[in-house]
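> got a sequence here, can you build the structure:
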Amino acid sequence: MAHDLETARHRLDPLIAPRSVALVGASERNHFAGLAMRALRGVGYAGPLHLVNPKAAAAFGLGAVARCSDIDAEVEAAYLCVPQGAVLDAAHDAAHDAAHDAIDAGIRNLIVVSGGFAEVGGEGVALEAQLAALSRDRGVRMLGPNCLGFRNNLASVALGSIPFIEQTPRPTIALVAASGSVASSVINYGIQQGIGFTHVIATGNEMDVTIADLIDYLTEIDEVLAIAVFIEGVKDPERFIAAAEKARAMHKPIVALKVGSAAATAAVAAAHTGAMVGDDCVFDAVCDRLGIVRVDTIEGLVNTAATIAATGPIARPGVTLVSMSGGVCEIASDYGAARGVAFPQFAEDTRAELAGQISVLGQMHNPLDLTGAAVRDEHLWATVPEIIARDPAIGLTLIAWNVPQVAEPSMPNTLDLIGKTVQNLATPALIVNNVEQPVNEYGRAYLASHGQLFSPPGLAHALDAVRGLWWWSSRLDRPAFAVSVPSDIKARPANERETLSHLSDYGVPVVPTRVARNADEAIAAAREIGGPVALKLLSGQIAHKSEVGGVALNLLGDQAVASAYRAMMVAVAERAPGAVIEGVLVSPMRANGIELLVGIARDPQWGLVAAVGLGGFWVEALADTALMLLPATREDIVTALRSLRGFKMLDGYRGLPEADLEAVADAVVRIGDAALALGDDLAALEVNPLFVAGSHVEALDALAVFDGNTP
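Modelled structure (predicted):
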């Protein structure tokens, strides 16, 4: 992004890359102001700086004015480091313009450090609402409140109180974090590992500027090779989806550490920033659809973002690792298997070419052990990786060797050969430390001299990051996700028969049914269908028919059907008195297949979410479902089915017919389309079971629930 061209500036550029700044509440006794001054000087800020405090008292060797309105110059952004009770007045002073007041300070970008707003509830919510109204009415972009601000190492400007740490590596990763303290931990660890950050931005309550806004902004900056985010909750899902899709289209990876996997975490997060954590499994589905790499540790956040920034996308999932330690190769192989990282065996052509180089070793496994032969012949570190990097299954080459920590390391020729080799291989390549250790100035100089942005710290961290790298790479070419808005809202189905009919209208194969309003009609319907039949109660007021005796299965013959019908009417009258009974549905029994559950529910943040899994009693026995946002593609659904622990049941297990996954996926796509067509009042649509026998797919039962209407 060209920061010096006004026409090219993103709307957030004056906030995150301001050319002139003010510190409001500037005093040497103000801890936050002191941290802000240290950060400004630390990053080398050279633009206009204005100090503001009520007494216009000099501070930090600079003069001051009493109010922003006393500044006789343009100011692009101001950091309000004043107590909570003074924030509104300070914001009004900074944001005055001619349309609202005779005084025209007109600062259009504010950062608010003070807490005590929505995150504490009560009066804090009302105060934040007033601050939001000011932001909206005056056209002011606001970061915070309750945030520690930002540091922009590309533009050499900082406005905030994140403790300053000097960094020397080339900046490649942008960090956006809901928590300033977490941001500090991330950059401490990252700099220790030799990583440079382009931006560090703490968002706090996200009253105005959200993580989504910042992803949209950072994606456009060429120097940003990866975006790491720490998320407590997503404020605006539609903007978040749009920003994530923009990043994916531009091959800018987003790596996310989001809290909320534990139920108790929601309460902690609410107390922290007022965030809505949301359903953690749904957020997994969001990440899956948008290509966001989700991690669960600070180390994983840093190492995965840095690995992807260093390599860019890889074309194939296969990984190779070269070491001169058989033990390291064995450890890497075990780690890879546990993490789903593929170390494929080499192709015949590769093995033949290797034989000319390392036949003395007697093995050509992947990971590959060069043994002590690499001490006698250092050039093996060049020739062997060059051969195996050309293998058609290999997308990434790892060379296990510790990055030097001293000016004169042992085996300097080997280090030089390895460094030159990784620069010129046919696939992306990384040097991997055998164990986690800091990358000091010597290590940084070595990596930089060989064009390496990062060396993963230790085999476990490396393979965790590699798993995320391939996962992200494999999702770059998927079609963009677009929120579907139905143009023709269908009338609500009032009972199961109408729900099945609605599904049929959208091309979902449904079981043939007949409606019977007395025993004789049930007998006639059963005769017409032929074979064993099922009777199911038809009532828009009873959702769970089996709980009131409203289901009878495997009925064969007139007497069995008539007896079941009469017994059902008696049972329902006793267990659901007053319910309107419209009769029963008569349908054929299905056997020798698998029953799936397709459940669609409306998430308050993300809209309709579909779950697929084994149906019947397996739902509760295995708790095994996969979630995806709607609308979903057939590819999404096939991938979801394959991810189930019980997938072998669909794969011809013990003589069952192998399921036609494409036919299943087609039916689920159509069920999703049918759900979307029911409009925003639909709370849930469930098909349980969806019967599958080979290519025969059929919805046997269906239930639709609408807001304010629980049958």
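> grab the nearest non-local neighbour of residue 536.
In space, and not counting its chain neighbours, residue 536 is closest to residue 585: 4.7 Å by Cβ to Cβ, 6 or more residues apart in numbering. From N, CA and C alone the C-beta is placed, and that goes for glycine too.
> could you do residue 515 as well?
Nearest one to residue 515, counting by Cβ to Cβ, 6+ apart, is residue 583 at 5.3 Å.
> what pairs with the one you found across the strands?
residue 538 (DSSP bridges).
> how many neighbours does it have?
20 (other Cβ atoms under 10 Å).
> so which residues of the stretch 251-400 of the chain form helices?
Under the criterion DSSP state H, counting those that start in this stretch, the stretch 251-400 of the chain contains helices at 265-273, 280-290, 298-311, 326-339, 348-358, 373-376, 380-389.
> ok, now which residue in this structure is the farthest from the centroid?
Most distant from the centre of the chain: residue 559, at 57.1 Å, with distances by Cα atoms, centre = their mean.
> show me the domain layout of this protein.
Here the domain parsing of the chain from automatic domain parsing is 1-147, 165-311, 313-473, 512-588, 594-706.
> what about the one helix or strand the residue farthest from the centre of the chain maps to, average pLDDT?
Here residue 559 sits within helix 558-575, counting by DSSP states H and E. What helix 558-575 shows for mean pLDDT is 96.
> in that helix, what's buried?
Neighbour-count burial for helix 558-575, counted by 16 or more other Cβ atoms under 10 Å, picks out 560-562, 564-565, 568-569, 572.
> what number of residues lie near residue 122?
9.
> mind checking pLDDT for it?
pLDDT, read off for residue 122, is 92.
> quick check: it vs residue 204, distance?
The spacing between residue 122 and residue 204, counted by Cβ to Cβ, to the nearest Å, is 18 Å.
> if I look at residue 221, how far off is residue 183?
Distance, residue 221 to residue 183, using Cβ to Cβ: 18 Å.
> the two: which has the busier surroundings?
Taking other Cβ under 10 Å, residue 221 and residue 183 do not tie; residue 183 has more neighbours (28 against 22).
> OK, contacts around the residue lying closest to residue 481 once chain neighbours are set aside?
Distances taken as Cβ to Cβ, 6+ apart put residue 289 closest to residue 481, at 5.2 Å, once the chain neighbours are dropped. Contacts for residue 289 (Cβ atoms under 8 Å, 6 or more residues apart in numbering) come out as 481, 628-629, 632, 636.
> repeat for residue 80
Contact analysis of residue 80 by Cβ under 8 Å, 6+ apart lists 24-25, 87, 90-91, 94, 110-114.
> how about a cut-off of 7 Å?
Residue 80 is in contact with 24-25, 87, 90-91, 110-113, counting by Cβ atoms under 7 Å, 6 or more residues apart in numbering.
> go on, residue 539?
So residue 539 contacts 495, 579-582 (Cβ under 7 Å, 6+ apart).
> now residue 466: phi and psi?
The phi/psi pair for residue 466 (degrees, to the nearest 10) reads phi -60, psi -40.
> ok, it touching residue 395?
No. Between residue 466 and residue 395 no contact is recorded; they are 9.6 Å apart, counting by Cβ atoms under 7 Å.
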